Structure formats: structure tokens, C-alpha cells
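>>> what's the 3D shape of this:
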Amino acid sequence: MPRQNAYSLYLVLTTVAAFMFSTAFTTSGVYRFQMAELTPLQLILVGTALELSVFLFEIPTGVVADLRSRRLSVIVGYV
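Predicted coordinates:
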């Protein structure tokens with residue numbers, strides 16, 4: 001694959017992923033606030049659990065990047 005095509009693919013993937021993540025987090029936030037009627041403390045606890053899980057699942061990706069390659073780490077991250 002030529003380098004320019006790989007770069008274009010990367011830009012498209014990151015743009016689509018950013019849009020999808022933003023949409024998902026906004027939708028889940030609105031759901032938690034309006035439909036589930038969570039209290040402020042419950043919202044903080046859910047947000048803390050979400051951020052903690054993101055942090056914990058990023059550690060293996062960083063290990064893969066350090067031991068193997070960044071490219072493999074990005075591929076594993078998208079799978």
C-alpha cells in the first residue's frame with residue numbers, strides 16, 4: 001500500500017472514529033440523565049467507572065506498542 005493511501009486511510013479512520021465516539025458518549029450521557037434519572041453522585045460514579053475502564057484497557061495496547069510495534073498496537077486498538 002503506498003504511503004499516501006495509508007495516511008489517507010488513517011485520516012478517514014480517525015475522523016470516523018472520533019465522530020462515532022462523540023455520538024456514543026453524547027447519547028449515553030443524555031440517556032443517563034433523562035431516561036435513567038441518575039443522581040449527580042451516580043453520574044459521577046458511572047463516569048469514574050468509564051474512565052477507569054478506558055485507562056485499564058489502554059495499558060495492554062501500550063505494552064503491545066512497546067514490545068512489538070505501534071502499527072500493531074493501532075490495529076489491535078481498532079479490533
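>>> From here on, just use CA atoms for contacts and neighbour counts.
OK.
>>> Got the domain ranges for this structure?
If you go by automatic domain parsing, the domain ranges for the chain are 1-37, 38-79.
>>> now the ones you listed in a markdown table, with mean neighbour count and mean pLDDT?
Formatted as a markdown table, the domains of the chain follow (neighbours: other CA atoms under 10 Å; pLDDT from 0 to 100):
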| stretch | mean neighbour count | mean pLDDT |
| --- | --- | --- |
| domain 1-37 | 11 | 85 |
| domain 38-79 | 12 | 85 |
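>>> and residue 32, what does it touch?
Counting by CA atoms under 8 Å, 6 or more residues apart in numbering, residue 32 makes contact with 38, 43.
>>> Distance of it relative to residue 25?
Distance of residue 32 to residue 25, given as CA to CA, to the nearest Å: 10 Å.
>>> Where do the helices of this protein begin and end?
3-30, 40-67, 70-78 (DSSP state H).
>>> Now do the first one and helix 70-78, the angle between them.
Which is helix 3-30. 30 degrees (axes from the mean of the first three to the mean of the last three CA atoms, to 10 degrees).
>>> No more questions from me, cheers.
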